Structure formats: structure tokens, C-alpha cells
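Asker: below are the sequence and a predicted model for it; my questions follow.
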Amino acid sequence: MTAPLLTHMTRLITLKSFTPCSKPPCFEHPVEEEGIVPTTITTNSHATGWEISPVSAYPNYACKWMEFKSRTGKTTKFCGHSDPDGVIGQIEAKKHFHHCDILPDLWNKADKKEDSIYLEIGANIGSCVVEMLLSTDAKIIAFEPHPKNLFVLLNTIAAMEESYQERVVIIPVALGGDTSIQTIYAAHGNMGNSVVGKIIKDNRKQ
């Protein structure tokens, strides 16, 4: 029996097909084709963790599985994008993403309370979420609106041991001050550069 934490929090996320990138670096530009990714988030009756259902509903997409190894030496299966991606390339080569290395140290040194939460705004594919799950005892709430990022993130969490799953909730919305439906633009080869409503260049040369 479960008691709702976020009662039937179902968000319609617009899925877009994209025009091909003829000369990288460039960005995905949406064309007409839409779908939905419904997600319900609940907590169990003892309020010890969250359950995510369904894992994902992104059509015609698959995981590129690899091993993730945290700074503490703990490992897990990691679902990556099947398309070329900079972060995935580093995880394949080094089994982790170096930008996340400092986070467990910051968490462990922080002045925390028993009910403290690690909040990840823009979880991307989950490299930092997974590092925090494996390297700390933090309870985590992460926001990620991009359907492809959400697909790989939820599949990674679903592949982890239940003790890790119970410490994290993924909320499939973009965090902001307005309620709206917006286009998400993503850079080719860097799904971490996914921005709601406008294009943000990766570097000055773009």
C-alpha cells in the first residue's frame, strides 16, 4: 500500500523529432511530432522512499549500457545515450564524470540535519545523482525535463539496488517560476546543454 507524496503527478512532456545536424556544432530544432511521457511519483506507506512508474515511455530509444564507478569504488550499471555525447564518452573511458567528483565532499562537510535533501536542478543523464547515491547517504530530489535525458536517467535508477532507489525521486519538469509548455533545445553531442525556451551556446565558436 502506498501513500502519495506527489499525488498522481503526471506531466505532459512534449517529444519532438529533430532535423539532422548538417555541420556540427549545431542544435536540435523541433519539427511537428508530439507524444507524452506520463510519470507518477509516490512514496511508500512508511515514507522511506519513492517509487517511479513507469520507467520511461520514450519511443524508439534504447540504452547504451556501461559501468559507472564512484569515487568510493562502488559500481552500478549506467544507461547512456546511444547517440554521441561528451559526458557519456567520459563515463565510458573513466567510469565516472569528473565534474561530479567534488559533490560528495561538499555534502559530507555541510552542516546538515536529519531531514536534509540534496537537490539537483537539471540532472541531465544522472552522472552526479548516481555519484551522490553511491558515495553518500543523501536523500535526493532531482529535476530533469528533457525526455531523452529522462529516459536514460530513469533506466539507470531502475537498474540500481532498491536501497539506492529508495533515496531518490526524479521529477520530470523544468524548474522555474512559470507554468507553461516550452520547447527544449539541446546541443548535438552535449545533451547536458538542454535549455528551455532558448538556445545557449556551448562555446564562443558556436
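Answerer: Structure's in. What do you need?
Asker: for this protein, what are the low-confidence residue spans?
Answerer: Where the chain drops to pLDDT under 70, the residues are 1-59, 203-206.
Asker: show me where it has helices.
Answerer: Along the chain, the stretches classed as helices by DSSP state H are 86-94, 102-109, 127-135, 147-159, 162-165.
Asker: so which of those comes closest to residue 79?
Answerer: Residue 79 sits nearest to helix 147-159 of all the helices of the chain, at 4.0 Å, using C-beta to C-beta. (C-beta placed from N, C-alpha, C; glycine too.)
Asker: now do the buried residues in that closest one.
Answerer: When neighbours are counted by 16 or more other C-beta atoms under 10 Å, the buried residues of helix 147-159 are found to be 147-157, 159.
Asker: quick one: that helix to helix 86-94, angle?
Answerer: Here helix 147-159 runs at an angle of 40 degrees relative to helix 86-94 (axes from the mean of the first three to the mean of the last three C-alpha atoms, to 10 degrees).
Asker: now the angle from helix 147-159 to helix 127-135?
Answerer: Here helix 147-159 points in a direction 10 degrees away from that of helix 127-135 (the same axes, to 10 degrees).
Asker: in this protein, mark out all the strands, start to finish.
Answerer: Ranges of strands within the chain are 2-6, 17-18, 30-31, 40-44, 50-53, 64-69, 75-80, 117-121, 139-143, 168-171, 184-187, 190-196, based on DSSP state E.
Asker: need the distance between the two termini of stretch 159-175.
Answerer: Using C-alpha to C-alpha, to the nearest Å, one end of stretch 159-175 lies 26 Å from the other.
Asker: what comes up buried for that stretch?
Answerer: 159-160, 164-172, 174.
Asker: try stretch 126-146
Answerer: If you call a residue buried by 16+ other C-beta under 10 Å, then stretch 126-146 has these buried ones: 126-136, 138-146.
Asker: with stretch 180-195 instead?
Answerer: Within stretch 180-195, the residues that count as buried by 16+ other C-beta under 10 Å are 184-195.
Asker: so who does residue 77 touch?
Answerer: Residue 77 makes contact with 65-68, 156, 159-160 under the criterion C-beta atoms under 8 Å, 6 or more residues apart in numbering.
Asker: which one of those is nearest residue 113?
Answerer: Among the contacts of residue 77, and counting by C-beta to C-beta, the member closest to residue 113 is residue 160, at 25.4 Å.
Asker: quickly list what the nearest residue to the closest one once chain neighbours are set aside is bridged to.
Answerer: Of all residues not flanking residue 160 in the chain, residue 76 sits nearest, at 5.2 Å (C-beta to C-beta, 6 or more residues apart in numbering). Beta bridges link residue 76 to residue 68, judged by DSSP bridges.
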